[in-house]
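**Q** starting from these lines, generate the structure:
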Amino acid sequence: LFFLYLYIIEVNVARLGVASQSSTYNLDPMPGPDRAIDGSKQVNFYSHPCSHTSGDFEPWWRLDLKKSYMVKSVVIVNRMDCCSERLKGAQVHVGYSESNDNLLCGTITDVSQAIITLHCNWMEGRYVSVVIPGHKEFLSLCEVQRRGDWLNRTLELVHKLEYGVGI
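**A** Alright, predicted model coming up:
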């Protein structure tokens with residue numbers, strides 16, 4: 001007789017994914033989508049460029065995690081040297097579609113602090129997107145972290161223990 005304890009470890013896997021965005025503002029160095037997953041929590045754009053779009057209608061930023069994850073929360077580091085209010089009303093979506101209409105994790109309502117945490121209550125998905133709906137705006141994200149766990153890791157462990165595969 002043995003007991004199986006499964007722990008869901010909360011980790012940031014955003015840096016393992018591939019980021020994209022609706023456009024990229026023309027600056028040097030380029031403020032591309034990967035700037036939001038480079039590990040820097042610098043909030044001054046000119047010290048360490050954040051991601052930055054070109055002022056699109058309904059701008060978006062998307063992270064492809066490359067496999068299914070359970071998403072506990074999404075942590076966004078907002079730009080604070082200027083323009084922090086641009087992120088107010090932005091929506092964070094999690095799901096399996098490459099479009100921006102996945103399930104809503106939450107809406108950003110307070111941009112007074114650099115670190116914004118939206119609790120997704122263990123939503124499941126491969127894609128995490130940030131969208132400013134309904135108007136033309138610049139979208140700038142200094143860092144995005146996806147907190148949660150790889151969905152299949154727990155299932156693989158159960159399979160290995162049950163069938164003796166890979167132990």
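**Q** quick check: which ranges of this structure have low pLDDT?
**A** Within the chain, the stretches with pLDDT under 70 are 1-16, 149-167.
**Q** hey, where'd the helices end up in it?
**A** Using DSSP state H, the helices of the chain run over 151-163.
**Q** strands along that one, start to end?
**A** Counting by DSSP state E, the chain has strands at residues 11-12, 18-21, 51-52, 56-57, 60-78, 91-95, 103-107, 115-131, 136-137, 140-150.
**Q** of all these, which one comes closest to L27?
**A** Among those, strand 51-52 comes nearest to L27, with 7.1 Å by CB to CB. (Each C-beta comes from the backbone N, C-alpha and C, glycine too.)
**Q** list the strands paired with that closest one, with their directions.
**A** strand 140-150 (antiparallel) (DSSP bridges).
**Q** wait, R79 sits on V43?
**A** Yes - assessed by CB atoms under 8 Å, R79 is found in contact with V43 at 6.1 Å.
**Q** got any residues that touch both of these two?
**A** C142 (CB atoms under 8 Å, 6 or more residues apart in numbering).
**Q** show me which of the two is the more surrounded one.
**A** R79 (23 against 19; other CB atoms under 10 Å).
**Q** dump the residue contacts of the more buried one.
**A** With CB under 8 Å, 6+ apart, R79 has these contacts: 43-45, 50, 86-87, 140-142.
**Q** over to it: give its phi and psi.
**A** phi -70, psi 130 (degrees, to the nearest 10).
**Q** skip the chain neighbours and tell me the closest residue to it.
**A** Of all residues not flanking R79 in the chain, S140 sits nearest, at 4.8 Å (CB to CB, 6 or more residues apart in numbering).
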